[in-house]
Every structure is written in structure tokens, then in C-alpha cells.
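In: No letters, just coordinates:
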């Protein structure tokens, strides 16, 4: 049993995937706020940058979510 499994009841990899997914989703939320701030400041270029980053985060979050589902279901 690895250290993560004995501490949290999940493998280190599953823990890493859950943590990464959480961080990406929180980051997406922050990037949405930053885009709104940029719009309020009248900087559409920065708003677009933040929205692009948010969409990239969401796509990556979906990949991590799929990997997590595969590991949780035992498919690895």
C-alpha cells in the first residue's frame, strides 16, 4: 500500500488527479473573474486572453476528469 492510499484511502495517482481537477476548476473560476475585471477596465485584449486560458483550463479539466473516471472504475 502506498503512502497516499494509507493516508486517504486512494492511490497517490487518484489523489493527484482529484487535486489537479480541483485546482483547474478553481483556476477557471478565477480566470472568469479576471476576464470581467479586464472588460471593466476597458481592455478587451486581456479579457480575451483570460477567456482563452479559462477555456483551455476547462478542456484540460475534462481530460483529467476522464482519467480520474478511468482510474476510479479500475480501467487504468
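Out: Right, received. Where do you want to start? All values reported here derive from a predicted model rather than from experimental measurement.

In: how about the helices in the chain?
Out: In the chain, the helices defined using DSSP state H lie at 3-8, 12-40, 44-72.

In: so for the shortest one, what's the average pLDDT?
Out: By that I understand helix 3-8. On average, the pLDDT along helix 3-8 is 64.

In: Need the phi and psi values for the residue lying farthest from the centre of the chain.
Out: Most distant from the centre of the chain: residue 42, at 27.9 Å, with distances by CA atoms, centre = their mean. When read as degrees, to the nearest 10, the backbone of residue 42 gives phi 80, psi 20.

In: on that earlier part again, okay if I get the helices of the chain as a markdown table plus mean neighbour count?
Out: Where you see a C-beta, it was placed from the backbone N, CA and C, and this is true even at glycine. What follows is the helices of the chain, written out as a markdown table (neighbours: other CB atoms under 10 Å):
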| stretch | mean neighbour count |
| --- | --- |
| helix 3-8 | 12 |
| helix 12-40 | 15 |
| helix 44-72 | 15 |
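
In: least reliable of the ones you listed going by mean pLDDT?
Out: helix 3-8 (a mean of 64).

In: Return the residues in contact with residue 28.
Out: When contacts are counted by CB atoms under 8 Å, 6 or more residues apart in numbering, residue 28 touches 54, 57, 58, 61.

In: Show me which of those is closest to residue 15.
Out: Nearest to residue 15 out of these is residue 61 (CB to CB; 16.4 Å).

In: Name the nearest residue to the closest one, sequence neighbours excluded.
Out: residue 24 (4.1 Å; CB to CB, 6 or more residues apart in numbering).
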